[in-house]
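1. need a structure here:
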Amino acid sequence: MDTKALKKIALSVRALSMDAIQKANSGHPGLPLGAAELGAVLYGDILKHDPSCPSWRDRDRFILSAGHGSMFLYSLLHLAGYKDISLDDIKTFRQIGSHAAGHPEYGLAGGIETTTGPLGQGFATAVGMAVAETMLAARFNTEKHAVVDHYTYVLAGDGCLMEGVSAEASSFAGHFQLGKLIVFYDSNKITIDGSTDLAFTEDAAKRYEAYGWQVSRGSMYDFAEIAALVEKAKSETAKPSLIILKSIIGKGAPHKQNTADIHGAPLGAEELAAAKAALGISGDFFVAPEAAAYFEKKQGEWKQARRAWEADFEAWAKENPEKKAEWDIFFSGKPLPAALPAFSVGDKVATRAAGAKALGAAAAANPFLVGGSADLKVPNAVGLPATVPNAADYSVVDRTGRYIHFGIREFAMAAISNGITLHGGLRAYCATFMVFADYLRPALRLSALMNQPVIYVFTHDSIYVGEDGPTHQPVEHLASLRIIPNVRVLRPADAEETAVAWEMALENNAGPTALALSRQNIAVFEKADPDWRNTIRTGAYIVKKENNPDVVVIATGSEVSLALEAAKKVEEKSEKKVQVVSMISRGLFESQPKAIQDAIIPGGQCECGCVKIVVAEAGVRSGWERWTSTEHIFSIDRFGESGPAEKVAAHIGFTSDALAALCLK
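-> Modelled structure (predicted):
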C-alpha cells in the first residue's frame, strides 16, 4: 500500500470538492472533506473496477448512499480515470448540462451505480445489488469458473441510518446473510441541525448486531486499518458487514470542521483560503501530481485484471455453452414472448388471479424475472407456479430461488427491486396492496427517475376491497400514481386485458409499470375491436362501438363492466347510443396523436358538446378533467366504508343505475 500516494489522493479529493462547491455556491463539503481517506483507499486499492470499462459485469459496486456528498464520488471518479467526469464537469458542478449533478444521477456518468440523495435509499438499493450478485453467482458459476464474484460497497452517514428504509433493508440483508455487502458508516455525529445528540442517540452497533451483521470499528484516517477491516468483512461470508468509521465532518477546514456549518454550505472565501493554507494546497481545482501518477499506473493494472476475467469468461463460455446462451438472455434486457393464458367471455376472474396466470407464463418464458411481495404472496397472487423453473423461494440455502419474501417492508422492497434491476442480468417485480403504494412511493419515484423497468403489482385496487374498510380501500391512489412522471399505470378491465397488461409491462424498458388489479371477480366481456390486443397498446380501445354515439363512456378497470351495464340501461330507457371505451392507461393514451385519440373517443377534444363524454372510475376525479367537465366524471371523492363490496358501492351511490342516470342527463 502506497500511503504517500493515498494521502495525495485524499488531498486532491478535498481540493476538488472545496473548489467545486465554492464555485457553484452550493453543495455539501462536509462529507468529501471528512471521508477523503476512505475514498482514496477504496478507489485506489480496494475496489475491483476498470474506469475504461465502467459496465464490466463483474465489477464491484460502490454506492454513495449519503448522496449529498456527491463531490466525494465525482472527485474520485475523475481522479481514477472515468472519462464521463471531466475536470470541466467538476468546474461546472451543479450546473445544467454537467455530469456532476447536485446529487449522483444514474445514467449521467459511468461509475454512478444508482441515483442517491434521498437518504437511506442508496443503502437499500445496494442490498438489492447484493441480492442480484448471489442469484447470478448461483446460476452461472461453476467449480472451475467464478464469473460472478464481486462485492457491493456503501458509504452511509448518520442520516442514512436514521431513515426507516435503511432499517428495513438492513433487517432483510441480515436475515438473508448477504455476506458480500460491506457498508462504511461515516460516523461524524453531525447533521444539518447540529449534533446527532439532538435526535439520534441509539447504539447503532448493537442494532446492527441484532440484525445479524458483523460490526467493526475503526478510524476514517487510517488506510491500513480500513483495508484490514475490509478483509475482515470479506472473511465473514454469512453476514453483511457494517464498518463504523469515526470521522470529523469537514476535516481540513480549520474553523468549520466538526460543526454543522460545514455540512451543507460552501466554506466561504475566507474559510476556503484558510483550509488551503492549512492543507498546503496552491491554486484552484488542485490535483496532486502524485495522485495522477498513481491512478495512471493503477489503470493499467485494472485493465489487466478485467482482461483476465474476460479470458476466464471465454473459457467458461466454451465449456458451458448452455449457460452462456442463458447469460446472453439474462443480460439482453429484452423479454421473450410468453404463452399467455386464454380466457373466455363470461369467465368471472379477479384481475389479480388472471395476473397470477400471466405472471406464471411470463416467468416461465423469462428466467431473469424475479420478485416477490411484502408478505402478501397469496393475496397479491404473485407466487410462481411450481412448473416455472427455479420457482422456489430465494433463501440462504437456495440462491437460485426466484420468489423473494420481502417481509412487511414495502419501502425496502421497492428499493431492493431497483437494486436488483440496476445490477443487470435480472428484472424485478414487487407487490403489495394498492393502498400501501404510499409506503414505497419514494422508491417508485426513483425507479421512474432512473428509467428502471421494475414492475409494481398493486392489487385490491378500489372500494371493492370491501370489509377491510377505508384504511384498505384506495380512492386517491390511482391519481397519485399517475402524476409521477415516467410511471406507466395499467388498470386492466378483465382477465384478457390483464394478460396483455403483463405483456405490456414486460415490453416497457423505459421505466416502471404499475399494474392495478382487482380483488373482486370481473366477468370477461366481448370486445368490439377485433384488433383490441394491439389497439390497447395505445392506452385505450373501443369495447362497445356505436356509429355516431350520443355518449362515450371512458372507463378503467372494473368500471368497464359497470359502464357496459349502464349503457344497456340507457339504451333501454332512451334512444341514446352509448359507446364504451376501456382506457387501460390514461398516460399512454394521452401521448398518442390526436387522430388516434379521436378515432377511439369521437368528440373527446370537441367543445361543442355534440358528443357527451362521461368518465367512470372508482377513485378520485383528479386528472380526468382533461376529458370532460367535472359534473360528467363518475368518481369516488370520499373515503369508503367497511362492509361487503357491493353494499359499500351501493351505500356511496357507485352503481350502474347512477352511472346510467348521469349518461341520460
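
2. wait, what's in contact with the spatially closest residue to E467 that is not a sequence neighbour?
-> Excluding its sequence neighbours, the residue lying closest to E467 (Cβ to Cβ, 6 or more residues apart in numbering) is S642, at 6.0 Å. All C-beta spots, glycine's among them, are computed from the backbone N, C-alpha and C. Contact partners of S642, counting by Cβ atoms under 8 Å, 6 or more residues apart in numbering, are E467, D468, G469, P470, V648.

3. what does D58 give?
-> For D58, the contacting residues are K48, V147, V148, D149, H150, W309, by Cβ under 8 Å, 6+ apart.

4. These in helices, which ones?
-> Among these, DSSP state H puts W309 in helices.

5. Let me see the contact set for S98.
-> S98 is in contact with D89, T92, counting by Cβ under 8 Å, 6+ apart.

6. so how far is S86 from it?
-> 9 Å (Cβ to Cβ, to the nearest Å).

7. And G383, by the same measure?
-> For G383, the distance to S86 equals 49 Å [Cβ to Cβ].

8. Of these two, which one has the most company?
-> Applying other Cβ atoms under 10 Å to G383 and S86 shows that G383 carries more neighbours, namely 18 against 15.

9. Doesn't that one lie inside a strand?
-> No: secondary structure of G383 (DSSP: H, G, I helix; E, B strand; the rest coil): coil, not part of a strand.

10. quick one, what contacts it?
-> Contacts of G383 (Cβ under 8 Å, 6+ apart): A356, K377, Y403.

11. Looking at these, which are in strands?
-> The members of the contacts of G383 that map onto strands under DSSP state E are Y403.

12. ok, and the most crowded of the contacts of G383?
-> That'd be A356 among those, by other Cβ under 10 Å, with 25 neighbours.

13. Can you tell me the closest non-neighbouring residue to that one?
-> A381 (3.8 Å).

14. sorry, back to before: tell me the one of the contacts of S642 nearest L449?
-> Nearest to L449, judged by Cβ to Cβ, of the contacts of S642 is P470 at 31.2 Å.

15. Surely the closest one is in a helix?
-> No: counting by three-state DSSP, one finds P470 to be coil, located in no helix.

16. gap between it and Y403?
-> According to Cβ to Cβ, P470 stands 31 Å off from Y403.

17. next one: phi and psi at the closest residue to Q452 other than its chain neighbours?
-> Spatial nearest neighbour of Q452, chain neighbours left out: T421 (5.0 Å); criterion: Cβ to Cβ, 6+ apart. The phi and psi values for T421, taken as degrees, to the nearest 10, are phi -70, psi -40.

18. right, and the helix or strand after the host helix or strand of M129?
-> Using DSSP states H and E, M129 sits in helix 121-140. Downstream of helix 121-140, the next assigned helix or strand under DSSP H and E is strand 152-157.

19. Can I get that following strand in PDB, CA atoms only?
-> Once non-C-alpha atoms are left out, strand 152-157 reads as follows in PDB (Å, rounded to 0.1, in the frame of the first residue of the first chain):
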ATOM      1  CA  THR A 152     -21.200  -4.200  -3.100                       C
ATOM      2  CA  TYR A 153     -19.800  -1.300  -1.000                       C
ATOM      3  CA  VAL A 154     -21.800   1.500   0.500                       C
ATOM      4  CA  LEU A 155     -20.900   4.800   2.200                       C
ATOM      5  CA  ALA A 156     -23.700   5.800   4.500                       C
ATOM      6  CA  GLY A 157     -24.000   8.600   7.100                       C
END
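
20. Point out the other helices and strands that the helix or strand that contains K297 packs with.
-> Using DSSP H and E, K297 sits in helix 289-319. Helix 289-319 sits against helix 3-24, helix 70-80, helix 321-330, with contacts defined as 3 or more Cβ pairs under 8 Å, 6 or more residues apart in numbering; DSSP states H and E.
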